[in-house]
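S.K.: Have a look; sequence and predicted model below, questions after that.
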Amino acid sequence: MGWADPFLDLTWEEGRADFQVAQQGDCLVGWDGYVYRCPDGLRLRPSDLLAGYQAEGVEFFRRLGGSFVLFIYDGRRCQLTLASDRLASRPLFYARCSGEVVFSTHIRAVLIHPGVSRQWDERSVVEFLRFTMILGERTLYRDISLLPPASVMTVTPEGGRIEPYWTFRFDECWDLFGEEYAKGLAERFVQAVRRLMPEDGAVGLMLSGGLDSRMIAASLLYLGMPLTVVTFGGFENDEVRLAHRVAQVAGFPFRFLRRKPEYYLPLLQQAVRLSNGLYVFYHAHMLDQGPALRDAGLDTLIHGWGLDLLFSGSYLPRRRVHHFPGRSFLLLCLQALRSEEDIVQNLLQRLSLPTDSLVARLPTRQWQPKFQDWPRQVVSEWVSLSGEYAQSPYNRYEWVLVRQFSKFRSFLYPLSVRWLVRERCPLYDPDLLEWYLRMPPHLRFASRAYGRALACLNPALARLPYSRLGCSILAPPLWQNVSYVLLPTIQRVRLGVRRIRGLHRDYPAETFDSYPRPDLLLRQASFRALLEKELRGGPLADGGVINPPVMQEMVRCHMEGRASYGDHLSALLSLHLWLSDAEG
């Protein structure tokens, strides 16, 4: 879509299910996603959005909920307004060049503009190869940025400014009892699910073996809104069987979306293009499920991606117990964070890919200091900034992660959903986010309040096993710890037995859930040929970033089973294909 104006060059991706645009007199109004007004949950039309903004200004956006990125262009005043939701769940790329602003929901549309430089952002390249994600609002390109969460950018011929309309700040008064937090979470979760339901079309729920989709199912039952649930996978693994049990207990129709053995390789190029150069390809789990969803008659899909980060405490540091030299296991106990350095160190352990002597030689001599120093430097900067928004070290730790919500390495999964159908998630509800910011870390950790909230809504669903524990979330803490510690060993034994019996040989990368293990995925013969062909050189080698012989040695070691470089090679392949395609 183009808008002729001497000041503004407007580029926006059209043809998607959640895109709306309308002209109101001298104004052009549009958004990608879905928007509702709080607290009544009223769905807004473009005219409502324009009237609210003209009457209240930036303050109007505080009353909006949902997943959206929107624009308002006032032709009479020659003023452009761009706004993101509270988590920036719909990435919006923009660049300023020669008195113009170019923006789009896809970075390629911005790169097309002749005034936008394609010069790489060196720190972003390092972060992608070390973290498989890029922190903050930076992209691979120095001149292109992302609109921050909960922000409004106003641009006029005289200049532009970005200002927040809401601040992601923890409320650490903690004045309620545990059961009150759980009950409040259940109430707000039900309200969030009610608000996100579309006014028309057939709706499905993406169901897994975890708590997030189960909470959505419990909320739908509470609201009396039955629907079809779907689960994907190559075969009926543990997660698929558990999802089927959840659907049976809930009384929902169940559909299994079976994937072909060679699922990810044919989707590789499309996944890389959809990634905008920000994500690794193997998280695009839904890209080939369009026909299956159409066969099921679904045009809207609800999922629970990202809820575990907030309400299960999935990324909070766990205590590690060392029992033999080189051997350890994790407990369902919080790791002590006594200083800012502890926060930095634990975040680096969480975000960084493992480094050995071969990986350390991957950057060229010129780039080695950057690979060694920049990751700690950028994480330290974020931890220092977190002190303005939280006091608890656990809240500061989690603030850094949640602040990167739409940059998370697995965010390509919801992007692949919205590429096919209308995508919905309760996480984007303002009241649910505010409740998260009020909850103490020890109640978020290990789903302690989350499990009680599920039991408030539907005890039968809460009693079913939780895939990450191997037992019910309502089991006593001691039994949860025993099950959590033993589960990896039990799974390894079962996997060995499965291989001996020759079961599911066509799906070597899937183990007990429906998400591929990159180490196993890249050892498939088809990927081996691709890696050996593509990772001989390319833009990263030509740009003097990496040593091609070291990269080729990593491929050989990985394929021969002498080392596991699945995540490293996936990042190298994704970045190589993106740069080759976008700049070729």
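M.R.: Structure received. Numbers count the residues shown, from 1 in each chain.
S.K.: Which neighbouring elements make contact with the lowest-mean-pLDDT helix or strand in the chain?
M.R.: Least confident helix or strand, the chain: strand 318-324 with a mean of 79, by mean pLDDT, DSSP states H and E. Counting contacts by 3 or more CB pairs under 8 Å, 6 or more residues apart in numbering; DSSP states H and E, strand 318-324 is packed against strand 327-334. In short, each C-beta sits where N, CA and C put it, glycine included.
S.K.: then the helix or strand following the strand it packs on to CSV, C-alphas only?
M.R.: Proceeding N to C from strand 327-334, the next assigned helix or strand is helix 340-351, under DSSP states H and E. Provided in CSV are the C-alpha atoms of helix 340-351 (Å, rounded to 0.1, in the frame of the first residue of the first chain):
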residue,chain,number,x,y,z
GLU,A,340,23.8,-7.4,40.0
GLU,A,341,26.7,-9.5,38.9
ASP,A,342,24.7,-12.6,39.8
ILE,A,343,21.8,-11.4,37.6
VAL,A,344,24.2,-10.7,34.7
GLN,A,345,25.9,-14.1,35.0
ASN,A,346,22.6,-16.1,35.2
LEU,A,347,21.2,-14.2,32.2
LEU,A,348,24.4,-14.9,30.2
GLN,A,349,24.0,-18.6,31.1
ARG,A,350,20.4,-18.5,30.0
LEU,A,351,20.9,-16.6,26.7
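S.K.: same question for helix 340-351, mean pLDDT?
M.R.: Taken as a whole, helix 340-351 has an average pLDDT of 96.
S.K.: Could you pull up the residues touching the residue most central in space within the chain?
M.R.: Centroid-nearest residue in the chain, with CA atoms, centre = their mean: residue 411, separated by 2.7 Å. Applying CB atoms under 8 Å, 6 or more residues apart in numbering to residue 411 gives the contacts 278-279, 283, 405.
S.K.: Quick check: the farthest pair among the residues you listed?
M.R.: Longest distance between any two of the contacts of residue 411 is 14.5 Å, between 283 and 405; criterion CB to CB.
S.K.: out of those two, which sits in the busier spot?
M.R.: residue 283 (25 against 19; other CB atoms under 10 Å).
S.K.: show me the residues around the more buried one that make contact.
M.R.: Here residue 283 is in contact with 271, 409-413, 416 (CB under 8 Å, 6+ apart).
S.K.: Over to residue 309?
M.R.: Per CB under 8 Å, 6+ apart, neighbours of residue 309: 315, 398, 401-402, 405, 408.
S.K.: what secondary structure does residue 232 sit in?
M.R.: strand (DSSP: H, G, I helix; E, B strand; the rest coil).
S.K.: beta partners for it?
M.R.: Beta-bridge partners of residue 232, counted by DSSP bridges, are residue 257.
S.K.: residues near it, how many?
M.R.: Residue 232: 23 neighbours (other CB under 10 Å).
S.K.: Verify the stated contact: it with residue 288.
M.R.: No. Contact between residue 232 and residue 288 fails when scored by CB atoms under 8 Å: they sit 9.6 Å apart.
S.K.: Name the residue most distant from the centre of the protein?
M.R.: residue 76 (38.4 Å).
S.K.: list the contacts for that one?
M.R.: 26-27.
S.K.: returning to what we had before: which of the contacts of residue 411 lies closest to residue 365?
M.R.: Among the contacts of residue 411, residue 278 lies closest to residue 365 (CB to CB), at 27.7 Å.
S.K.: tell me which element the closest one falls in.
M.R.: Using DSSP H and E, residue 278 falls outside every helix and strand.
S.K.: Surely it touches residue 137?
M.R.: No. Residue 278 lies out of contact with residue 137 (CB under 8 Å); the separation is 11.4 Å.
S.K.: for the lengthiest helix in the chain, which positions count as buried?
M.R.: Secondary structure of the chain per DSSP state H: the longest helix is helix 477-501. Residues of helix 477-501 classed as buried by neighbour count (16 or more other CB atoms under 10 Å): 480-484, 487.
S.K.: And for stretch 284-304?
M.R.: 284-289, 292-293, 296, 298-304.
S.K.: so where do the helices sit in the stretch 101-250 of the chain?
M.R.: With DSSP state H, counting those that start in this stretch applied, the stretch 101-250 of the chain shows helices at 107-111, 122-131, 178-196, 212-223, 238-250, listed in chain order.
S.K.: Ok, which of those comes nearest residue 43?
M.R.: helix 178-196 (9.1 Å).
S.K.: Which strands and helices lie in contact with the closest one?
M.R.: strand 27-37, strand 64-74, helix 212-223, helix 430-438, helix 441-444, helix 448-457.
S.K.: Against which helices or strands is the longest one packed?
M.R.: Using 3+ CB pairs under 8 Å, 6+ apart as the contact test, the elements touching helix 212-223 are helix 178-196, strand 203-206, helix 238-250, helix 307-311, helix 448-457, helix 459-463.
S.K.: following the longest helix of the chain, which helix or strand shows up next?
M.R.: helix 518-521.
S.K.: Contacts for that next one, please.
M.R.: Contacts of helix 518-521 (CB under 8 Å, 6+ apart): 264, 280, 282, 508-509, 511, 527, 558, 564-567, 569-570.
S.K.: circling back: what residues are shared contacts of residue 232 and residue 288?
M.R.: In contact with both residue 232 and residue 288: residue 259, using CB under 8 Å, 6+ apart.
S.K.: Ramachandran angles for the nearest residue to residue 346 once chain neighbours are set aside?
M.R.: Counting by CB to CB, 6 or more residues apart in numbering, residue 346 lies nearest to residue 317, which is 4.4 Å off, once chain neighbours are set aside. Torsion angles at residue 317 (phi, psi; degrees, to the nearest 10) stand at phi -70, psi 130.
S.K.: got a list of what residue 317 touches?
M.R.: Counted by CB under 8 Å, 6+ apart, residue 317 has contacts 334-335, 337, 346, 349-350, 397.
S.K.: Counting neighbours, which of these end up buried?
M.R.: 334-335, 337, 346, 397.
S.K.: I figured residue 391 hits residue 172, correct?
M.R.: Yes. If you go by CB under 8 Å, residue 391 and residue 172 touch, sitting 5.8 Å apart.
S.K.: Compare those two and say which one has the larger neighbour count.
M.R.: residue 172 (13 against 10).
S.K.: Stretch 432-451: how far from the chain's middle?
M.R.: Distance, stretch centre to chain centre, for stretch 432-451: 19 Å (CA atoms, centre = their mean, to the nearest Å).
S.K.: Can you show me the CA trace of it as CSV?
M.R.: The C-alpha coordinates for stretch 432-451 follow below in CSV (Å, rounded to 0.1, in the frame of the first residue of the first chain):
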residue,chain,number,x,y,z
LEU,A,432,-3.5,-9.7,33.0
LEU,A,433,-0.1,-8.0,32.5
GLU,A,434,-0.8,-5.7,35.4
TRP,A,435,-1.6,-8.6,37.6
TYR,A,436,1.7,-10.3,36.6
LEU,A,437,3.5,-7.2,37.7
ARG,A,438,1.9,-7.4,41.1
MET,A,439,2.8,-11.1,41.7
PRO,A,440,5.8,-12.0,43.9
PRO,A,441,8.5,-14.0,42.1
HIS,A,442,8.2,-17.0,44.4
LEU,A,443,4.5,-17.4,43.4
ARG,A,444,5.3,-17.1,39.7
PHE,A,445,8.2,-19.7,40.0
ALA,A,446,7.4,-23.3,39.3
SER,A,447,3.7,-22.3,38.4
ARG,A,448,2.8,-22.1,42.1
ALA,A,449,0.1,-19.5,41.7
TYR,A,450,-0.6,-20.6,38.1
GLY,A,451,-1.4,-24.2,39.1
